[in-house]
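Student: Coordinates for the following, if possible.
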Amino acid sequence: MSLPIVFEREVEADIDEAYHWYEQQRHGLGEDFLGAVRVTLDRIQFNPELHAVVYREVRRALVRRFPYAVYYRIERERIAVVAVHHGKRDPRRWQSRA
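Tutor: Modelled structure (predicted):
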């Protein structure tokens with residue numbers, strides 16, 4: 001049985017910001033980014049313990065093709081995504097959400 005994935009409050013803004021930046025670089029690249037994030041979320045949902053814990057109880061799954069990672073926590077009845085974060089940004093930004 002797979003657990004439902006829920007986004008913490010700031011995650012949608014993380015994704016929207018990255019989507020718009022990639023769309024400005026090249027039309028359709030934002031859609032490619034969203035697709036890569038969806039694949040990562042599917043992988044997390046299928047096997048949430050696959051990825052290592054990197055901070056407290058938060059795990060990191062890398063997004064293929066893009067320099068982003070999905071940070072999430074396995075909870076009792078759900079998977080809580082705390083951030084979708086660019087790899088070159090200060091990690092304290094997402095760690096404050098953990």
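Student: just checking, Ser2 touches Asn47?
Tutor: No. Contact criterion CB atoms under 8 Å: Ser2 and Asn47 do not qualify, at 9.1 Å. Bear in mind the C-beta positions are built from the backbone N, C-alpha and C, glycine included.
Student: Dihedrals phi and psi, the spatially most central residue of the chain?
Tutor: Centroid-nearest residue in the chain, with CA atoms, centre = their mean: Val70, separated by 2.3 Å. Phi and psi for Val70, reported as degrees, to the nearest 10, are phi -100, psi 120.
Student: Identify the residues contacting it.
Tutor: 37, 40-41, 44, 60-61, 63, 81, 83-84 (CB atoms under 8 Å, 6 or more residues apart in numbering).
Student: Would you mind measuring from Arg76 to Val37?
Tutor: The gap separating Arg76 from Val37 is 24 Å, by CB to CB, to the nearest Å.
Student: meant to ask about Asp16
Tutor: Asp16 is 11 Å from Val37, where distance means CB to CB.
Student: same deal with His86?
Tutor: Distance from His86 to Val37, counting by CB to CB: 12 Å.
Student: Counting neighbours, go ahead and name the busier of those two.
Tutor: For His86 versus Val37, neighbours defined as other CB atoms under 10 Å are more numerous around Val37 (22 against 18).
Student: picking up where we left off before, any residues in contact with both of His86 and Val37?
Tutor: Tyr68.
Student: can you tell me the helix or strand for Glu23?
Tutor: For Glu23, the enclosing helix or strand under DSSP states H and E is helix 11-25.
Student: State the number of residues packed around Val39.
Tutor: Val39 has 13 neighbours, counted by other CB under 10 Å.
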